[in-house]
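J.: With the sequence up front, the predicted model follows.
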Amino acid sequence: MFSISTQAKYWLFTGETELATCRAEANRSYISSRRAHLTDNEVASCFLTPMEEKLLSRQYEVVLRKFCSEFQPPMPKCVIGTSLAYFKRFYVHNSNMDYHPKDIMLTCVYLACKVEEFYVPIGQFVKNLRGDREKFADAILSFELTLMSKLNYHLTVHNPFRPMEGFIIDIKTRYKDIQNIEIVRRTAEEFMERSLQSDACLIFSPAQIALAALSFGATKEGLSLDRYIKEILFKTATEKEAEDTLYQLRRVKFIVKNTESVPREQAQAIQKKLDQCRNQENNPDSDVYKQRMLEKLDEEEDVRHRKRAKLVADDEPMFFSLEQDR
Amino acid sequence: MPKSEESSYPFCPDEGKYEKLAKIGQGTFGEVFKARDKKTKTVVAMKKVLMENEKEGFPITALREIKILQVLKNDNIVNLLEICRIKATPYNRYKSTVYLVFEFCEHDLAGLLSNPQVKFSLAEIKKVMQQLLNGLYYIHSNKILHRDMKAANILITKAGKLKLADFGLARAFSDKLNRYTNRVVTLWYRPPELLLGERNYGPAIDLWGAGCIMAEMWTRSPIMQGNTEQHQLTLISQLCGSIVPETWPGVEKLELFSKIELPKGQKRKVKERLHGYVKDQYALDLLDKLLSLDPSKRVNSDDALNHDFFWVDPLPQDLNHMLSRYNKSMFEYLAPPRRRAPINQPPQAPGVVRPAGHNPDQHFERIF
């Protein structure tokens, strides 16, 4: 149930302003840990600004969706919705400079596959990527725990897809004014697709997004759901509650409408800047990171050696007899 | 575990929040420790998520357990307090570990049953079963299957509150046609439909386990301790009667029905066999309904809770008084092994070779 979910409790923000404050804080905190004695001007030229971070995230959300839509085997919508929700939640409190969106993006999709019971083994998962697949797999697995803990282990995501089906059934059964709600479906689904590209899922409940999508689609067809909302859906509620909902739906539509795409050149410039200021400790290609992985491997090798040594010791008599037989 | 290891290093170095007190169990995907919150002094149980052998990252079973327990909040379900991660640092060689932190329960049912001094009255057994079925009713109405019912996964606090625990094998179910793995549930508690290869199963699998546990309240050790799946089905047939389409329509369609050897001509003797232990007629009747071979005829948790067993004298009685006599925790992990096979001791069929070193209490595939 959404109303008692961790999503309702911890991952709904009041609006763009609150989100911008959180993201600016993540940006500030990363910069302050690394700026040393740089002047403000130098900081501005070296590090990403909150605005640049937002554009970069948007750009990677586009990449994420493209990756998902081309994924083999084809993935259910809820996996895409959950992946994007994880990605957005992650960058509310973390800077793109600390964790590169290309690593986090893939990890979000991998985790969402598991959580949504669309299980794809890692080997098959990375077959959807071009390049050094083993390296991708290592990166995904090494960021998985970080992602989970940054999400506070709140893994269940309520997507707007099911509520939309629910509303369609309800309109069919209870609202006789609209006979053919199905004609609205395509536009409504497009609206939901676009909403995935916005902050809507961090501000509104999935039911609000679904209803806004249907209401948007209805308007395009010259229909209106206002009476359905006021007289059927909110029949037992107060006038004010119904009005509030209509107001929220307008807000959803506004936020979804205002998601613009990032020009390619701009995105590339930001990425270039990111290469200079990113946290090398979280960069699988950096020397610091590789060094750390080597230490870890050594440790595992040690353990394996010890285990093997123990096995040999336990099995000693048999081991010898085998040797003699040969 | 050597003592020095137990107390030498603190938990959660990044938070320094918990200190380990003792190992109390070996869960399905990791060890379980008793620990204490250093600040509040609250005692908790910490379950370590084993990551060493995972090629696929964080185990999907642990993910399900987290997801499920964040939703399930009920008096008869173990309460997940938080998730604690030891961050990767140079001090632990960049290995991070995740612990699920639960409220601490003093006993588990297997531990209590293995202690001959702990005696349950009929009214107390009713209370245990009522709480157990209540927990199952709650999870099933939330569309969750437990899939690992056994006495060791039934926790009991010293105040006598029963909690279903270990959702490491649990998953959500739907009423549609499904293909789940049938390699779930510890062998001795595994229902016949799973043993015969059913993959589209439902809540009834947990009620079979509830029946096995209920009988165990009197017999004090698991009633059917098979060594192999074949052996388990033999034991089930000897207790519940031959598995045939006449009593279980549709059983012939199950994948393994024709591939496995099923004893023929066995009469159903649930009540007769258990009568030596269970004198109460209502108890025997409920047991008979829980241990129904055909899952579609097996009683569901709602109807079981409405069974006369719980509503005729003696009425269910709280366990706190009885348990107040014991100030030591009783866990199966810490208890000596229980006596084997009190009611089913069929002679071993000649020619059946048991795999050496086979542990019947093990789990198989952990995924799906």
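T.: Received the coordinates, thanks.

J.: going forward, measure contacts between C-alpha atoms and count neighbours the same way
T.: Will do.

J.: check contacts around the residue positioned nearest the centre of chain A.
T.: The residue lying closest to the centre of chain A (C-alpha atoms, centre = their mean) is A:F87, at 2.4 Å. Residues near A:F87 by C-alpha atoms under 8 Å, 6 or more residues apart in numbering or on different chains: A:E61, A:I104, A:M105, A:C108.

J.: Which pLDDT does the model give it?
T.: Looking at A:F87, its pLDDT stands at 98.

J.: Going by neighbour count, which residues in the helix or strand where it lies are buried?
T.: Using DSSP states H and E, A:F87 falls within helix A:77-93. Buried residues in helix A:77-93, counted by 16 or more other C-alpha atoms under 10 Å in any protein chain shown: A:78-93.

J.: if we can go back for a sec, would you mind measuring from the residue nearest to the centre of chain A to chain B?
T.: From A:F87 across to chain B, the span is 18 Å (C-alpha to the nearest C-alpha, to the nearest Å).

J.: Just give me the neighbour total for residue 115.
T.: Using chain A. Residues lying near A:V115 (other C-alpha atoms under 10 Å in any protein chain shown) number 21.

J.: um, chain B though
T.: With other C-alpha under 10 Å as criterion, B:N115 counts 16.

J.: Where does B:I24 fall, secondary structure wise?
T.: Assigned by DSSP H and E, B:I24 falls in strand B:18-26.

J.: Quick one: name whatever helix or strand follows that strand.
T.: Defined by DSSP H and E, the subsequent element after strand B:18-26 is strand B:31-37.

J.: which parts of that following strand are buried?
T.: Buried-residue list, strand B:31-37, by 16+ other C-alpha under 10 Å: B:E31, B:V32, B:F33, B:K34, B:A35, B:R36.

J.: got a list of what the closest residue to chain B within the stretch 101-250 of chain A touches?
T.: Nearest to chain B in the stretch 101-250 of chain A, going by C-alpha to the nearest C-alpha, is A:L141, at a distance of 5.4 Å. By C-alpha under 8 Å, 6+ apart, A:L141 lies in contact with A:T107, B:E56, B:G57.

J.: Could you rerun that using 10 Å?
T.: Listed by C-alpha atoms under 10 Å, 6 or more residues apart in numbering or on different chains, the contact set of A:L141 reads A:L106, A:T107, A:Y110, A:L111, A:I122, B:E54, B:K55, B:E56, B:G57, B:F58.

J.: For it, which three-state class applies?
T.: Put simply, A:L141 is helix when judged by DSSP: H, G, I helix; E, B strand; the rest coil.

J.: can you tell me how far it sits from A:A269?
T.: 29 Å (C-alpha to C-alpha, to the nearest Å).

J.: One more: A:K88?
T.: From A:K88 to A:A269 the distance is 22 Å (C-alpha to C-alpha).

J.: remind me which residues of the stretch 251-368 of chain B are low pLDDT?
T.: B:336-368 (pLDDT under 70).

J.: top of the contacts of A:F87 by neighbour count?
T.: Counting neighbours by other C-alpha under 10 Å, the top entry in the contacts of A:F87 is A:C108, with 26 neighbours.

J.: who touches that one in this structure?
T.: Under the criterion of C-alpha under 10 Å, 6+ apart, the contact list for A:C108 reads A:64, A:79-80, A:82-88, A:90, A:140, A:143-144, A:147-148.

J.: and if we set it to 6 Å?
T.: Going by C-alpha atoms under 6 Å, 6 or more residues apart in numbering or on different chains, A:C108 touches A:S83, A:Y86.

J.: same thing with A:H154?
T.: For A:H154, counting by C-alpha under 6 Å, 6+ apart, there are no contacting residues.

J.: A helix includes it, no?
T.: No. Under three-state DSSP, A:H154 falls outside any helix and is assigned coil.

J.: In terms of pLDDT, where does it sit?
T.: 94.

J.: Same question for A:A137.
T.: Looking at A:A137, its pLDDT reads 94.

J.: Neighbours of it, how many?
T.: With other C-alpha under 10 Å as criterion, A:A137 counts 22.

J.: Count the neighbours of A:C22 for me.
T.: Number of residues near A:C22 (other C-alpha under 10 Å) recorded here: 17.

J.: tell me which residues in the helix or strand hosting it are buried?
T.: Here A:C22 is covered by helix A:16-34, with elements defined by DSSP H and E. Buried residues in helix A:16-34, counted by 16+ other C-alpha under 10 Å: A:L19, A:C22, A:R23, A:A24, A:E25, A:A26, A:N27, A:Y30, A:I31.

J.: Please report how far the last one lies from A:E53.
T.: Same thing as A:I31. Per C-alpha to C-alpha, A:I31 is found 12 Å from A:E53.

J.: Now do the shared contacts for those two.
T.: What both A:I31 and A:E53 touch, as defined by C-alpha under 6 Å, 6+ apart, is an empty set.

J.: Which element, helix or strand, includes the residue lying closest to A:W11 once chain neighbours are set aside?
T.: Nearest non-adjacent residue to A:W11, counting by C-alpha to C-alpha, 6 or more residues apart in numbering or on different chains: A:L202, 6.1 Å away. Using DSSP H and E, A:L202 falls within helix A:200-203.

J.: Please export the alpha-carbon coordinates of that helix; PDB is fine.
T.: The C-alpha trace of helix A:200-203 is given here as PDB (Å, rounded to 0.1, in the frame of the first residue of the first chain):
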ATOM      1  CA  ALA A 200       7.300  14.200 -10.700                       C
ATOM      2  CA  CYS A 201       7.900  10.900  -8.900                       C
ATOM      3  CA  LEU A 202       9.800  12.800  -6.100                       C
ATOM      4  CA  ILE A 203       6.900  15.100  -5.500                       C
END
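
J.: Give me the nearest residue to A:F136, chain neighbours excluded.
T.: Counting by C-alpha to C-alpha, 6+ apart, the residue nearest A:F136 is A:V126, at 6.7 Å.

J.: number of nearby residues for that neighbour?
T.: With other C-alpha under 10 Å as criterion, A:V126 counts 21.

J.: Give me the pLDDT value at A:K150.
T.: 94.

J.: what's the span of stretch B:318-326, first residue to last?
T.: Using C-alpha to C-alpha, one end of stretch B:318-326 lies 15 Å from the other.

J.: where's that stretch relative to the chain centroid, distance-wise?
T.: Stretch B:318-326 has its C-alpha centroid displaced from the chain centroid by 22 Å (C-alpha atoms, centre = their mean, to the nearest Å).

J.: tell me which residues in it are buried?
T.: Residues of stretch B:318-326 classed as buried by neighbour count (16+ other C-alpha under 10 Å): B:D318, B:L319, B:M322, B:L323.

J.: Other residues contacting it?
T.: Residues from elsewhere that reach stretch B:318-326 (C-alpha under 6 Å, 6+ apart): B:A159, B:G160.

J.: try 7 Å this time
T.: Here stretch B:318-326 makes contact (C-alpha atoms under 7 Å, 6 or more residues apart in numbering or on different chains) with B:E124, B:K127, B:K158, B:A159, B:G160.

J.: Would you show me how to pick out the buried ones of the residues you listed in ChimeraX?
T.: Here is the ChimeraX command that selects the buried residues among the contacts of stretch B:318-326 (16+ other C-alpha under 10 Å):
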select /B:124,127,158,160
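
J.: could the contacts of stretch B:318-326 be laid out in a markdown table, adding pLDDT?
T.: A markdown table is the format used below for the contacts of stretch B:318-326 (pLDDT from 0 to 100):
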| residue | pLDDT |
| --- | --- |
| B:E124 | 97 |
| B:K127 | 97 |
| B:K158 | 93 |
| B:A159 | 94 |
| B:G160 | 95 |
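
J.: Take the contacts of stretch B:318-326 and keep only those in helices.
T.: B:E124, B:K127 (DSSP state H).

J.: excluding its backbone neighbours, what's nearest B:P295?
T.: Per C-alpha to C-alpha, 6+ apart, closest to B:P295 is B:A204, 5.7 Å.
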